[in-house]
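[1] after the sequence you'll find the predicted model.
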Amino acid sequence: MDVLTALLLVHLIPVSTAKNGVSSKSRKRIMPDPVTEPPVTDPVYEALLYCNIPSVAERSMEGHAPHHFKLVSVHVFIRHGDRYPLYVIPKTKRPEIDCTLVANRKPYHPKLEAFVSHMSKGSGASFESPLNSLPLYPNHPLCEMGELTQTGVVQHLQNGQLLRDIYLKKHKLLPNDWSADQIYLETTGKSRTLQSGLALLYGFLPDFDWKKIYFRHQPSALFCSGSCYCPVRNQYLEKEQRRQYLLRLKNSQLEKTYGEMAKIVDVPTKQLRAANPIDSMLCHFCHNVSFPCTRNGCVDMEHFKVIKTHQIEDERERREKKLYLGYSLLGAHPILNQTIGRMQRATEGRKEELFALYSAHDVTLSPVLSALGLSEARFPRFAARLIFELWQDREKPSEHSVRILYNGVDVTFHTSFCQDHHKHSPKPMCPLENLVRFVKRDMFVALGGSSTNYYDACHREGF
Ligand SMILES: *[C@@H]1O[C@H](CO)[C@@H](O)[C@H](O)[C@H]1NC(C)=O
Ligand SMILES: *[C@@H]1O[C@H](CO)[C@@H](O)[C@H](O)[C@H]1NC(C)=O
C-alpha cells in the first residue's frame, strides 16, 4: 500500500480514535473525495497538494496510541511554509504578492495579529549567530525573493496549533512550567525557515516567552553539523544529477515547451531553463495570479502541466534508479543519528529536549523520507511536517516504541525498518530498537557495500 492509498484509507475507514478521547468526526480534512479522486497522478492536482492552501482544520493521526502508552518525546521536521519564488522568469514582471501580514487577507489565522505583535517586540538573545540579523516575520509590500508569505505563516500557525492540541493539551508532553532546556530548536539561516519555526512555536506554546526560546543555527540543509564531509554521498548526488539530465533530454515535449516559453520571453532556451521557471509558475499557481505575458504571448497552463508532469515522472524514475536512495542514506544519517541519541537519552528518564523542532527545506525532508524507505511519500509540500513520536508502554516500562507521521498520516509501517513488524506483533507502533539498529548499522548495509558505519560508508574506495 502506498502513502497515497494510506491517505485515502484514513478517509474511508472510521478511525477508532474515540476511545482515545479525540473525536475525528468533528474535524474535516481538506483531502478530496476518494471516490472521485483520480488514481493516477494529475499534474494540477499534485500542484494543489504542493501549495497546501490552508482551509479547514485537517484531521491528523499524530498522538494516536492506546491508553497504556505514555508520550515521552516528539521530534518535528518541517519544511518552511509558502514562499515567494527563488528565481525570476527572465524579462517578465515578477508576480505581485504582498508579504506583509494583515488580518483582512486570506488565508487568515486567529493568532496572526498576536503573532505579529509579539514578534515586533523583538527577541532579546534567542538566536545563535547569524540568526540575529534575520527579520522575525515577513514584512514587504512586494515580497522579496524567497520570502515567507502570509500563507506560509498561517500554515505553520496552524501546524503549531494542531500539535499543541495533541501533544500539550492531550498528552501533556511538557509541564505547565516548562523550561528552556526541554525544547530543542534548530533552523537553517534563511528568514523563511526561522520565521516558519517561530510561527509554529507561536501556535504550539501556551506562553511564548522569549527567555525560554533559543534557536540554534544549522549551516547545512542536510542538518549534518560536524559530520558533513562524505565524498561517497557527493558521488551518488553527481550520478543522480546525471540521471536527471538524461531523463530531461529524452522528454521531447518538455524541450518543446521550454522552447516555446523561451520564445515568449525572448531569451535563449538555456537561459530560461536555468531560471527554473516552474518555481515561479508554482507561485503564480498557488496564489491564483495569472501566468506572465509578453507581447509574444503568454506562459500558460499547458506549459505548466508539461513541466509539472515531468517533475512527477522524474520522481518516479528517481525511486527506481536508487541513486537518490544512496545519497539519502548517507545524507540523512547525521540527523537521524542525532534524533535517536535524543530519544535514547529520554528513555533514560532525562527530561531535556522532549520537543525538538528542525526548521528546514525540501532538500532536508526529501532525503530523510527516502532514507526511511518512504519512497511513495510525496515531495515535501509547503509547510510539510515529518514527526517522530517516542512512546513508553506503561505496562512494560522498559519498552519504548516510535511512530512516524508524515503530514498527519501514520507511515510507521511503511518504513524499511518496520515494514513487517505489524504482521508479527499486535502493537500499533515500532520498537525503538528497530529504528536504532537501522540508523546504527542497517542504513549502511542497505548501501550494498561492506561498510557498517558512517565513516567507512562515506569513504568507500572504488565506488
Ligand atoms: C482566481 O482568480 C480568478 C480571477 O483572476 C477568480 O475568478 C477566481 O475566483 C479565483 N479563484 C480563487 C480560488 O480564488
Ligand atoms: C552519532 O551519535 C553519537 C552520539 O549519540 C555520536 O557520538 C556520533 O559521533 C554520531 N555519529 C555521526 C556520524 O554523526
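    Cool, got the structure. Ligands and ions are numbered 1, 2, ... in the order given.
[2] please make it C-alpha for all contacts and neighbour counts, starting now.
    Will do.
[3] now do stretch 97-113, average pLDDT.
    Across stretch 97-113, pLDDT averages out at 97.
[4] CA atoms of that stretch as PDB?
    Provided in PDB are the C-alpha atoms of stretch 97-113 (Å, rounded to 0.1, in the frame of the first residue of the first chain):
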ATOM      1  CA  ILE A  97       2.400  39.300  -4.000                       C
ATOM      2  CA  ASP A  98       2.200  41.200  -0.700                       C
ATOM      3  CA  CYS A  99       4.300  39.700   2.100                       C
ATOM      4  CA  THR A 100       3.000  41.900   4.800                       C
ATOM      5  CA  LEU A 101       0.800  40.200   7.400                       C
ATOM      6  CA  VAL A 102      -2.700  41.600   7.500                       C
ATOM      7  CA  ALA A 103      -6.000  40.400   9.100                       C
ATOM      8  CA  ASN A 104      -8.300  41.200   6.200                       C
ATOM      9  CA  ARG A 105      -6.500  39.000   3.700                       C
ATOM     10  CA  LYS A 106      -6.900  35.300   3.200                       C
ATOM     11  CA  PRO A 107      -5.600  32.900   4.400                       C
ATOM     12  CA  TYR A 108      -6.100  34.000   8.000                       C
ATOM     13  CA  HIS A 109      -5.400  32.500  11.400                       C
ATOM     14  CA  PRO A 110      -6.900  33.900  14.700                       C
ATOM     15  CA  LYS A 111      -3.400  34.200  16.100                       C
ATOM     16  CA  LEU A 112      -2.000  36.200  13.200                       C
ATOM     17  CA  GLU A 113      -2.200  39.700  14.800                       C
END
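[5] what about whichever residue of the stretch 1-150 of the chain sits closest to ligand 2, how many neighbours?
    With Cα to the nearest ligand atom as the measure, residue 75 is the residue of the stretch 1-150 of the chain nearest to ligand 2, at 15.3 Å. Counted with other Cα atoms under 10 Å, residues neighbouring residue 75 total 23.
[6] where does it sit: helix, strand or coil?
    What DSSP: H, G, I helix; E, B strand; the rest coil gives for residue 75 is strand.
[7] bridging residues for it?
    Taking DSSP bridges as the rule, residue 75 bridges to residue 356, residue 388.
[8] residues contacting it?
    Contacts for residue 75 (Cα atoms under 8 Å, 6 or more residues apart in numbering) come out as 339, 354, 355, 356, 357, 387, 388, 389.
[9] could you pick out the residues of the stretch 351-463 of the chain near ligand 2 for me?
    The stretch 351-463 of the chain comes close to ligand 2 at residues residue 454, as judged by Cα under 6 Å from any ligand atom.
[10] in the stretch 351-463 of the chain, which spans are strands?
    Here the stretch 351-463 of the chain has its strands, by DSSP state E, counting those that start in this stretch, at 355-360, 385-393, 400-406, 409-410, 430-431.
[11] for the stretch 201-350 of the chain, same thing?
    With DSSP E, counting those that start in this stretch, the ranges of strands along the stretch 201-350 of the chain come out as 215-217, 293-294, 297-298.
[12] can you list the strands that the last one pairs with?
    Paired neighbours of strand 297-298 in the sheet (DSSP bridges): strand 293-294 (antiparallel).
[13] neighbouring contacts of the partner strand?
    Contacts of strand 293-294 (Cα under 8 Å, 6+ apart): 92, 264, 265, 299.
[14] count the residues that sit near the first one.
    The number of residues packed near residue 92 is 14, by other Cα under 10 Å.
[15] show me the contacts for the residue lying farthest from the centre of the chain.
    No residue in the chain sits farther from the centre than residue 295, which is 39.0 Å out by Cα atoms, centre = their mean. Shown in contact with residue 295 (Cα under 8 Å, 6+ apart): residue 264.
[16] deepest-packed of the strands of the stretch 351-463 of the chain, please.
    Greatest average neighbour count among these goes to strand 355-360 (a mean of 25), per mean count of other Cα atoms under 10 Å.
[17] model confidence over it, on average?
    98.
[18] need the residues of the protein near ligand 2, please.
    Contacts of the chain with ligand 2, taken as Cα under 6 Å from any ligand atom, map to 227, 334, 337, 338, 341, 454.
[19] distance of the first one from residue 363?
    Per Cα to Cα, to the nearest Å, residue 227 is found 17 Å from residue 363.
[20] run a quick neighbour tally on the one residue in the stretch 151-300 of the chain that gets nearest to ligand 2.
    Nearest residue of the stretch 151-300 of the chain to ligand 2: residue 227, at 5.6 Å (Cα to the nearest ligand atom). Residue 227 has 13 neighbours, counted by other Cα under 10 Å.
[21] measure it to residue 315 for me?
    Residue 227 sits at a distance of 27 Å from residue 315 (criterion: Cα to Cα).
[22] can you point out the buried residues in stretch 86-102?
    For stretch 86-102, burial by neighbour count (16 or more other Cα atoms under 10 Å) applies to 87, 88, 89, 90, 94, 95, 97, 98, 99, 100, 101.
[23] also stretch 190-204?
    Using 16+ other Cα under 10 Å as the burial criterion, the residues of stretch 190-204 that qualify are 190-204.
[24] export that stretch as CSV, just CAs?
    Provided in CSV are the C-alpha atoms of stretch 190-204 (Å, rounded to 0.1, in the frame of the first residue of the first chain):
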residue,chain,number,x,y,z
LYS,A,190,17.1,31.7,5.9
SER,A,191,14.5,34.1,7.1
ARG,A,192,11.7,31.7,5.8
THR,A,193,12.9,28.8,7.9
LEU,A,194,13.4,30.9,11.1
GLN,A,195,10.0,32.6,10.6
SER,A,196,8.3,29.3,9.9
GLY,A,197,9.8,27.9,13.1
LEU,A,198,8.7,30.9,15.1
ALA,A,199,5.1,30.7,13.7
LEU,A,200,4.9,27.0,14.5
LEU,A,201,6.2,27.6,18.0
TYR,A,202,3.8,30.5,18.5
GLY,A,203,0.9,28.3,17.6
PHE,A,204,2.3,25.5,19.7
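[25] which residues are in contact with it?
    So stretch 190-204 is contacted by 79-81, 83, 111, 115, 131, 134-138, 146-148, 152-154, 156-164, 187-188, 208, 357-361 (Cα under 8 Å, 6+ apart).
[26] how about residue 435, what does it touch?
    340, 417.
[27] same thing with the one 4 residues further on?
    Shown here is residue 439, whose contacts under the criterion Cα under 8 Å, 6+ apart are 333, 336, 337.
[28] ranking the contacts of strand 293-294 by neighbours, who comes first?
    Per-residue neighbour counts (other Cα under 10 Å) across the contacts of strand 293-294 peak at residue 265, which has 22 neighbours.
[29] that one contacts residue 91, doesn't it?
    Yes - applying Cα atoms under 8 Å, one finds residue 265 in contact with residue 91, separated by 6.0 Å.
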